[in-house]
Every structure is written in C-alpha cells, then in structure tokens.
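**Q** Need the 3D shape of this:
(one chain, ligands or ions: 1)
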Amino acid sequence: MTPLPRNLLSANASVDADGRLRIAGLDALDLASEFGTPLFIYDEDDLRSRARAAVDAFGDGVAFASKSFLCKAMARLAYDEGMCIDVSTAGELHVVLAAGVPAARLVLHGNNKSDDELARALDIGVGRIIVDSFDEIDRIATLLEARPDLTPRVLIRVTPGVEAHTHEYVMTGQEDSKFGFSVASGAAAKAIDRLQSLGVNLVGIHAHIGSQIFRTIAFEQEVAVLAEVVKDMDIEELCIGGGLGVAYVEHEEGPTMAQWGATVRAAAAKAGVAADVRITAEPGRSIVAPAAVTLYTVGTIKHLHGIRTYAAVDGGMSDNPRPVLYGSGYETFLPRCVDADRDLTVTLVGKHCESGDVIVRDGRVPLDIAVGDIIATPVTGAYGYSMASNYNKVPRPPVVFVKEGDARLVVRRETVDDLLRLDVE
Ligand code: LLP
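**A** Predicted structure coming up:
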C-alpha cells in the first residue's frame, strides 16, 4: 500500500536522506524527544503564508476564525499577517486581547451573546459585531440607551437556505438552524428594519453555510441569496463566513484560497453587488489545519487475529475529538520512514476508557511498526487543540511553532497539578 501522500504534509516539511520527517529543517523525532508526546507541531511559515493568501484573496477585513485554533502566538501571527480575528465568546475575546490585537481588528460572533459580552465589545470598540437574533438586538438597544455616544458597526447574520454538502453538525446555512435570521421567512428583512432604526451602523450582511466544504458552488449560491437581500441597501461589506475544505486523506483536494476568493467575487459581480462592496470571509480550518501534525508514541499493539490490530497511543479523543464527533478521517505514518509503504492496517486508538476512543479507524502503517515508535497524524491544526479536553484527567499536549530551524514552545504541556487548578477544596 502507498506511502503517505506528500501533499498532506505542511509546506516546509521534507524528508531527509534517512527517510525521516523534517519540519522547517528540524527532525520531527528530535522534537518528540525534546517536547515529549503527544505534541502539536505547527509549521509557522506555512501558517503565515496561508494567512497572507487569505488577505490576498479577500483583502482587508478577512478574519481568522479563532475557534479553529487559538493561543496568543496564533492570534498575533494572524494579526501580523494582516488578518482581522473572529471571536465568538468572551473567552476567545480575552485571549486575543491578551495577545495584543487591537479591538478594532476584531469581529464578534455568537448566537447567544450575553449582556456582558456585548457590553465589553461596545466598551472596547470591537471592529464589527455580527448580530444573530432579535434578543440580541434588544440587548444592544438597551446597552446603547446608556451609551448614546457609541455607534457600533454591525453586520446582520442570515441563514440563506443553502445546504452545503458537509457533516450535519457543521452545516449552518440551512433554514433549520440556531444561527442568524432566516431570509425565506422574512425575519432577516424585519431585523434589518429594526437595526436601521437603532443607533448602529449597519455595514453589511453575513452568512456562514458550514465547514469543510469542497464544492464552491455552495458559496456561489450563498452569495446570490445575500446579494438579493441587500440589493436595495447601501452596504460596505458582504461576508461569506468560513468553510473552505481541506484535504485530510489520500485523494482529497480542496479549492485554494485564491480560487475561493475569485469564485465568490465573480458570483458577487454576477449578482449585481456593487464593485465597492468589500467581499470578506472568515477562514479557520484552511489557515491552520494543513500546517500542523500531531506526534504520538505507540505504547501498545494488540493483534486480534482475524479481527483487527490496535495500536494505542499516549493521547486520543482528548486531543483530537473530531473522529469521534464527526467520523472524520486522518492518515497515519511513521516520521522515521515517511516514504515507506504502509502495508499494515491498524486502528489507532488513544488511552481513554472507552471503545469509541478512536483516532484513525483504518490507519495504514509500515509492517515493522513497533512499541516505542513515534506515529504521526497530519493535518491536525484545526479543531483539535481548540476542542481538546481533559477527559480521564489527561493533560493537554503542548504546541510548538517551528520556523527556519528553530522550535518555539508557544503553549506548554499541562501538568497534573494544572488539573487541580480549579478545585477549591
Ligand atoms: N465563521 C463562522 C461564523 C463559523 O461558525 C465558523 C466555524 C467559521 C467562520 C470557520 O469555519 P472554517 O473555515 O474553519 O470551516 N468543529 C468542527 C468545525 C466547526 C465549525 C464551526 N464554525 C470540525 O472540527 O470540523
């Protein structure tokens, strides 16, 4: 069976003369020894060029969806490369501000923003607020009564009725959704009326139809609906949300950022959106997923004859819950022999106390895999660390950024003492 397809490695990954994985010039096995496993390794220049590609494709205003992967170093990187940052809770807001990103570069999301979240956003002057419900409009109205000096910039989030072909849990554009105002029912039009009568600056319209979308036709349909809603309005911005799909496994191929941008801009022009309206987006996954790899150590191998072989590692559903939640697929390979044929199929499992703790159901590995090997899953930069948990009181792994031969620890490994941090007695 075939070796790992090289396109699933980050941009600055290479294979040395001994067949070992290097990332940004550093030996992956050395990084495993230095920082321990499990370990998230991000190729920093790959992250940077993906962020720049987003700015090139959409221009100023394009925001990094911080839910996909957030720590201070990542927020700074996205900001330095010219992106705005989308936050959807007070927690994300706190981390991004702690990173030194100016409030004016932030976009506040959330289908249930609290009074405190809204008050803080108004107070610090976040760049844009994406309004999601009539209750939120009421809350903003009340807050503005006390602060008539403020004129927040808001976009209205609508559900365009577009069904993207992706997992049901990450599909958001359809009518039956907890997000936004429905276009078809007339709720969006009512919300626009309400916002126009308030002391806010309604700068645009927003939708997000889902995540991990490969077919750009869904975005074209989205743009057509949004354009229709705002055709009689004088808006500055039309935001299509995030959702660009990325390749996780062999034979997958996502559109590039440039293709995505060109497709939606063409769709906007075709739908009659004025040329001076800025078309923006909020990519998360496509910025961070392909730039990272997770390393684990194989601790146990069980051959169940006639059934399957289990390879158990030192992490699991606590550092990557995506396979359990969405049935997401990943590849497996051994960084000590990246280009080796992978003739053995194993089920890569974690160390958690349940059978569902599967990272890769049918992972392919070389026949000589052994206990003690470092094993890698590529394309783990999105929604892995950000959805990591302490299930079974497993400390969360560290995050290392590598660039031009240097490794920088940006998030340290949790310790078992960290696990006691919140206990008050
Ligand atoms: N904008 C909004 C309003 C969103 O809700 C999201 C993702 C994004 C942008 C970024 O979408 P992206 O470019 O990353 O697809 N945990 C799931 C994905 C959930 C996506 C939630 N919203 C997963 O691991 O597949």
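
**Q** count of residues packed around residue 272?
**A** Using other C-beta atoms under 10 Å, residue 272 has 10 other residues around it. C-beta here means a position set from N, CA and C on the backbone, and glycine is covered the same way.

**Q** now residue 134
**A** So residue 134, with other C-beta under 10 Å, has 13 neighbours.

**Q** Let me know the helix or strand that the closest residue in space to it that isn't next to it in sequence is in.
**A** Excluding its sequence neighbours, the residue lying closest to residue 134 (C-beta to C-beta, 6 or more residues apart in numbering) is residue 191, at 6.7 Å. Per DSSP states H and E, residue 191 falls inside helix 187-197.

**Q** Show me where the stretch 51-200 of the chain dips below the pLDDT cut-off.
**A** 165-173 (pLDDT under 70).

**Q** Looking at the protein, which strand is longest?
**A** strand 292-304 (DSSP state E).

**Q** residues in contact with stretch 409-416?
**A** Applying C-beta atoms under 8 Å, 6 or more residues apart in numbering, the contact partners of stretch 409-416 are 35-36, 71-74, 385, 390, 393, 395-401.

**Q** which bits of this structure sit near the ligand?
**A** Contacts of the chain with the ligand, taken as C-beta under 6 Å from any ligand atom, map to 65, 67-68, 86, 109, 170, 208, 211-212, 241-244, 282-286, 322, 326, 383.

**Q** Quick check on residue 348: phi, psi?
**A** Backbone torsions of residue 348, given as degrees, to the nearest 10, read phi -90, psi 120.

**Q** Identify the residue nearest the geometric centre of this structure.
**A** residue 68 (2.4 Å; C-alpha atoms, centre = their mean).

**Q** so what's it closest to, chain neighbours aside?
**A** Per C-beta to C-beta, 6+ apart, closest to residue 68 is residue 284, 3.0 Å.

**Q** Cross-check the contact I'm expecting between that neighbour and residue 64.
**A** Yes. Residue 284 is within contact range of residue 64, at 6.7 Å (criterion: C-beta atoms under 8 Å).

**Q** When these two are compared, which one has more neighbours?
**A** residue 64 (32 against 25).

**Q** and that one, bridged to which residues?
**A** Assessed by DSSP bridges, residue 64 has beta-bridge partners residue 85.

**Q** For it, give me its contacts.
**A** 51, 54, 78, 83-86, 282-284, 287.

**Q** closest to the ligand among those residues?
**A** residue 284 (2.8 Å; C-beta to the nearest ligand atom).

**Q** show me what contacts that closest one?
**A** 64-69, 86, 211, 242, 382-383.

**Q** let's see 6 Å
**A** When contacts are counted by C-beta atoms under 6 Å, 6 or more residues apart in numbering, residue 284 touches 65, 68, 242.

**Q** how much space is there between the closest residue in space to the first one that isn't next to it in sequence and residue 271?
**A** Counting by C-beta to C-beta, 6+ apart, residue 284 is the residue found nearest to residue 65 once chain neighbours are left out, at 3.0 Å. Separation of residue 284 from residue 271 (C-beta to C-beta, to the nearest Å): 25 Å.

**Q** Ok, residue 132 next?
**A** 23 Å.

**Q** my guess is the residue nearest to the centre of the chain meets residue 384, correct?
**A** No. Counting by C-beta atoms under 6 Å, residue 68 does not reach residue 384; the two are 9.4 Å apart.

**Q** Show me where this protein has its helices.
**A** 28-35, 44-58, 72-80, 90-98, 115-124, 134-146, 187-197, 217-229, 257-270, 285-288, 322-326 (DSSP state H).

**Q** how far does the fifth one sit from the chain's center?
**A** Think helix 115-124. 24 Å (C-alpha atoms, centre = their mean, to the nearest Å).

**Q** give me the number of residues near the one residue in the stretch 301-425 of the chain that gets nearest to the ligand?
**A** Nearest residue of the stretch 301-425 of the chain to the ligand, counting by C-beta to the nearest ligand atom: residue 383, 3.1 Å away. Look at residue 383: counted by other C-beta under 10 Å, it has 24 neighbours.

**Q** same check, this time on the one 10 residues further on
**A** By the measure other C-beta under 10 Å, the count of residues near residue 393 is 10.

**Q** what pLDDT does the closest residue to it other than its chain neighbours get?
**A** Distances taken as C-beta to C-beta, 6+ apart place residue 419 nearest to residue 393, at 5.1 Å, with adjacent residues excluded. Note for residue 419: predicted pLDDT of 98.

**Q** Same question for the one 5 residues further on.
**A** For residue 424, the pLDDT comes out at 98.

**Q** again, but for residue 361
**A** Residue-level pLDDT assigned to residue 361 equals 98.

**Q** which ones are touching it?
**A** The contact partners of residue 361, by C-beta under 6 Å, 6+ apart, come to residue 347.

**Q** State which one residue of the stretch 101-250 of the chain is found closest to the ligand.
**A** For the stretch 101-250 of the chain, C-beta to the nearest ligand atom, closest residue to the ligand: residue 242, 2.6 Å.

**Q** Surely that residue touches residue 282?
**A** Yes. Look at residue 242 against residue 282 with C-beta under 6 Å: they come within range, at 4.4 Å.

**Q** what sits in contact with each of the two?
**A** With C-beta under 6 Å, 6+ apart as the test, residue 242 and residue 282 both reach residue 65.

**Q** The two: which has the busier surroundings?
**A** residue 282 (29 against 25).

**Q** who's in contact with that one?
**A** 63, 65, 86, 241-242.
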